[in-house]
Every structure is written in structure tokens, then in C-alpha cells.
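*Asks:* Sequence plus predicted model, see below.
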Amino acid sequence: MARDVSDSTPVGSKEELVSWIAAGEKPESRFRIGTEHEKFPFYRSDLAPVPYEGRPGAGGIRALLEGMQQRLGWEPIVDDGNIIGLAGPDDVGGAISLEPGGQFELSGAPLETVHETSRELLDHIAQVKAVAAPHEIGFVALGASPLWTRAETPVMPKGRYKIMANYMPKVGTMGLDMMFRTCTVQVNLDFATEADMVRKLRVSLALQPLATALFASSPFLERKLNGFQSMRSEIWRDTDKARSGMLSFAFDEGMSYERYVDYALDVPMYFVKRGDIYHDVAGASFRDLLGGRLPQLPGERATISDWANHLSTIFPEVRLKRFLEMRGADAGPPDMLVALPAFWVGLLYDRQSLDAAWDLVKGWSAEERQALRDTVPKQGLAATIARRKLADIAVEILELSRAGLARRARLDASGRDESHYLAPVAEIVSKGETLAQRLEARYRDAWQGRVEPVMTEFAL
């Protein structure tokens, strides 16, 4: 997660919340691509997780953040005296942040092309590896932590995570696993109008299970096979149903910014931040805060910060803020981390591909979409919807994405458009074999039933 928003402007009505989201509208000429990706740090000597303060003879997460601060010159983000992230310059954007179990996240700057996204990723990996090297720390990007139990996983000193960790077991069985043992890659994309938002939201929700299958990389948990291609996606199925899922209402007639705001207002809150203090209001209603009736903070009124931060604690497969966030994919190797934004940009930033994708998915019922979502974590591309295999649908959708990127015609110095970043996904589609299935094959053959080699063979 990126840094919390700081804007004390008071909010007094639902209409203001709607207007705040609507203010994200942009002309197509200003559409940008924001990519976020997480990775697990580990000590190379024994593959142990990296605690915040480190261990004798080696620095930890704090040392990584301090090293990155010195290298980049970015502003530190501090929580109760602990550096817990870095904020890039306001005119550039971007941030480095920590997930609850020490997952190291880059929230990329808003960029114009996937070429720039690729450069940003490679620069970040080179920088963080240079900072980590003296501490013998490596990184692996997979959808779920392959080795460590929850008890072995470190806890980061961030106030909001304490509140979330206390609340999660009350609303699902897998919330703590989501917090401490998963990594994702997501892309944030813009919309021009309310109608454009609705079309993009519907297409991306319907196809999010396809992205889950294509990017599945989490067949291991606690040093053994877990029975899933995307354990990360399976974990989300029982994290907190009130704030996750497929948003079936988005396909109803009259879908709008206001309808999403109504949904968000009904999602229970986690916290209210005042100054540097996170006030635990888990389970409370934002409607009560909006009206100054929050029992835990009598008389306190909602601010823009409260609304932005509340929206960041809602976790559907596609999330609406002032942009749309694609949230269905496991983290993976660098080429897959870049393929994810390329995949969605080709579909959503080209009108012809977007309309064709809508034609393909618009006949699917809510029940069919949900059934696909429920079966994809285990079955991957073998899952079916509307009597069609997802593997066959993937062929059509990948071609739409490729064509969309080609029509965008954003060329690099070698004259290549952005479609070449789809190459690793194209290989998966052509072979019908996901990264998760490749990992399982390595486990059974070359690794002789051991999971540990994944940490070195797939280290960034």
C-alpha cells in the first residue's frame, strides 16, 4: 500500500465524496500507467525472512529503507519514529512502502508508456539489490510466501496494520495470510468520463479471473504444494467478504460513481488517522463519521484524507478511486511484472479493443462470473465460463490486447511498440502452462520435492 493521504479538507455530504472520485477524469492525452509490485525479502544464507530491525551481522527492512533514502533522496515516511516508506518528489510521484510482513513495494510513478514502466522496474530492482547486497538480502516475487509459516513471518511497525491484524480474524479465516504472506502486481489506469469508467470497470472485473490465471505463481506454502495455482487469489476468497469480491452491482443498469460510493460507505472502516495517531474504529460506519456520529470519536467529522484512506482499505478485484486498480494478479519475475500493465493497457486504453472485449464478456451472468472467480485459483486456464475454456478465451483476449498496444503505437528507441512486453504471457497462452504449473513441475523433477530452490532460481 502507498502512503496514507493527508488532506484535512472537511467533507459534509455524499455528493462531495462522489465529486472527489469524479475529479479523477482525464482526457485521453493525459492517461497514465501506474504500476505497483511487491516482493519478499529474504536472507540469502538461510532463506529466512527479514525482520524490521535485522539480525546480528545483517541489517533488516529499516536498513533497506534507509539505504534507499540515501540513494534516491526521497522523503522518509515515518510512523511512531520508524521509517516505514519513502515518498518520491511531488513532481515525479512514486513511493516505496511496506506490506505487513515486510513485503517491499514500489508504487510506481504515473507514466505515459509501458516502455517507461519497464525502465522504472529495472532501475528499481538494480537500486534495491545494490542496497540489499551488503546485508546478504535477496528478493523473490511470487504470489504467496513459499516457505515461512505465519509465526515465522516478521511484523512491520505500522499503526494501521496492527488495527487490521486485530480485525481480520473476526471477518474471515485468511485475512492474516493475505496481510503477511501474499504479494501482488497491479496496474492503475485512468478513465475519461463516468461512462468510460463503467465500461472499463465492467470489462476488467469480468476478465480479472483471466489475469489471475495468466499470472498465477503461488503453488507453494510452508515448503510444500498447496493445491492451487494462485494461493494468493484463494486467500482473498475468505479474507473479508464485505470489502472484497467481484462487485456484481457494477453490471447493473445505472452503475455510476454514486453507486460505488454507496457501496464504499457500507464497507466497515478500519481506522481514522488524526495527526500521527491511528484511531481504531474497526467495524464502524463511514456514514457515522460523515455525520459526526462516530461513537469512538464523538463529534469528529470526515475529511478528504479519511475518504481516500477508507477507499484504500477496500479490496475488490478491481478498485475504483480516482483511477481504476487491477488487483487480480500474483507477483512474478520482472518480465511478468511488466507484462501485467501491458496486458491491461492494450485492452483498456484502446477503444476498439475495449469494445471488443465488452462484446466478449457482456453475456456472462453474475453467477457465471462468480463461479469463474471461485474456480480459477485451483484450475487456472482450465477453468470454464459460459461453456468455454478460459484457455480459449485467453487467446482472443491476448490478441485484443496486442492489437490495442499496436494501435497505440508508442515506440521505443528501437522502433518497437509496447506489444512485445506481452511475450511471456503469449508463451503461457500458447503452451497452456502457467508459471505456477512450471514451478510445480520443477518441484517434482529438478528440485526433487523441495521448495527452497525457488528462492534462488527465481530471485530478482
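*Replies:* Perfect, I can see it now.

*Asks:* Grab the most central residue of the protein for me.
*Replies:* By C-alpha atoms, centre = their mean, the mean C-alpha position of the chain lies nearest to Gln186, the distance being 4.1 Å.

*Asks:* so how far is stretch 325-335 from its chain's centroid?
*Replies:* The chain centre lies 7 Å from the centre of stretch 325-335; the measure is C-alpha atoms, centre = their mean, to the nearest Å.

*Asks:* and it, which residues are buried?
*Replies:* In terms of neighbour count (16 or more other C-beta atoms under 10 Å), stretch 325-335 has its buried residues at Glu325, Met326, Arg327, Gly328, Ala329, Asp330, Ala331, Gly332, Pro333, Pro334. Any C-beta I mention is one placed from the backbone N, CA and C, and that applies to glycine too.

*Asks:* Give me the subset of those residues lying in strands.
*Replies:* Applying DSSP state E to those, the entries found in strands are Glu325, Met326, Arg327, Gly328, Ala329, Asp330.

*Asks:* those strands in the stretch 101-250 of the chain, which residues are they?
*Replies:* 104-107, 137-140, 184-189, 220-221, 224-225, 244-245 (DSSP state E, counting those that start in this stretch).

*Asks:* Which among those strands is found nearest to Ala366?
*Replies:* Closest to Ala366 of these, according to C-beta to C-beta: strand 244-245, at 10.9 Å.

*Asks:* Report the secondary structure state of Gly34.
*Replies:* Assigned state for Gly34: strand (three-state reduction, DSSP: H, G, I helix; E, B strand; the rest coil).

*Asks:* returning to what we had before: pretty sure the residue nearest to the centre of the chain contacts Glu105?
*Replies:* No. In terms of C-beta atoms under 8 Å, Gln186 does not count as a neighbour of Glu105; the distance is 10.2 Å.

*Asks:* who touches both of the two?
*Replies:* Both Gln186 and Glu105 are in contact with Glu36, His37, where contact means C-beta atoms under 8 Å, 6 or more residues apart in numbering.

*Asks:* that older thread, hey, what's the residue nearest to the centre of the chain bridged with?
*Replies:* Glu36 (DSSP bridges).

*Asks:* Need the per-residue pLDDT for it.
*Replies:* pLDDT for Gln186: 98.

*Asks:* give me the number of residues near Arg293?
*Replies:* 15 (other C-beta atoms under 10 Å).

*Asks:* In three-state terms, how would it be classified?
*Replies:* When classified by three-state DSSP, Arg293 comes out as coil.

*Asks:* picking that back up, pull the most distant pair out of the ones in strands among the buried residues of stretch 325-335.
*Replies:* Using C-beta to C-beta, these span at most 15.4 Å, a distance reached by Glu325 and Asp330.

*Asks:* quick one: contacts for the nearest residue to Leu348 once chain neighbours are set aside?
*Replies:* Spatial nearest neighbour of Leu348, excluding adjacent residues (C-beta to C-beta, 6 or more residues apart in numbering): Lys200 at 5.0 Å. Listed by C-beta under 8 Å, 6+ apart, the contact partners of Lys200 are Leu189, Phe191, Leu324, Leu348, Leu354.

*Asks:* just Ala165 next, same as before
*Replies:* Here Ala165 is in contact with Pro100, Val155, Leu176, Met179 (criterion: C-beta under 8 Å, 6+ apart).

*Asks:* can we see that at 7 Å?
*Replies:* The contact partners of Ala165, taken as C-beta atoms under 7 Å, 6 or more residues apart in numbering, are Pro100, Leu176, Met179.

*Asks:* For it, give its distance to His310.
*Replies:* Computed as C-beta to C-beta, to the nearest Å, the Ala165 to His310 distance reads 18 Å.

*Asks:* wait, isn't Thr113 in contact with Ser419?
*Replies:* No. In this structure Thr113 lies outside contact range of Ser419 using C-beta atoms under 7 Å: 12.0 Å.

*Asks:* related to what we said a few turns ago, kindly reformat the strands of the stretch 101-250 of the chain as TSV containing distance to Arg293.
*Replies:* What follows is the strands of the stretch 101-250 of the chain, written out as TSV (distance: least, C-beta to C-beta, whole Å):
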stretch	distance to Arg293
strand 104-107	34
strand 137-140	46
strand 184-189	33
strand 220-221	43
strand 224-225	49
strand 244-245	27
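
*Asks:* Of those, which is nearest Trp74?
*Replies:* Among the strands of the stretch 101-250 of the chain, strand 104-107 comes nearest to Trp74, with 11.4 Å by C-beta to C-beta.

*Asks:* Show the backbone phi and psi for Val395.
*Replies:* The phi/psi pair for Val395 (degrees, to the nearest 10) reads phi -60, psi -50.

*Asks:* can you offset everything so residue one is 2?
*Replies:* Renumbered: residue one is now 2, and that last one reads Val396.

*Asks:* Which pLDDT does the model give it?
*Replies:* Reported pLDDT for Val396: 98.

*Asks:* now do Ser7
*Replies:* Ser7 is given a pLDDT of 66.

*Asks:* Tell me who's in contact with Leu190.
*Replies:* Neighbour list for Leu190: Ile34, Phe324, Leu325, Trp345, Val346, Leu349, Tyr350 [criterion: C-beta under 7 Å, 6+ apart].
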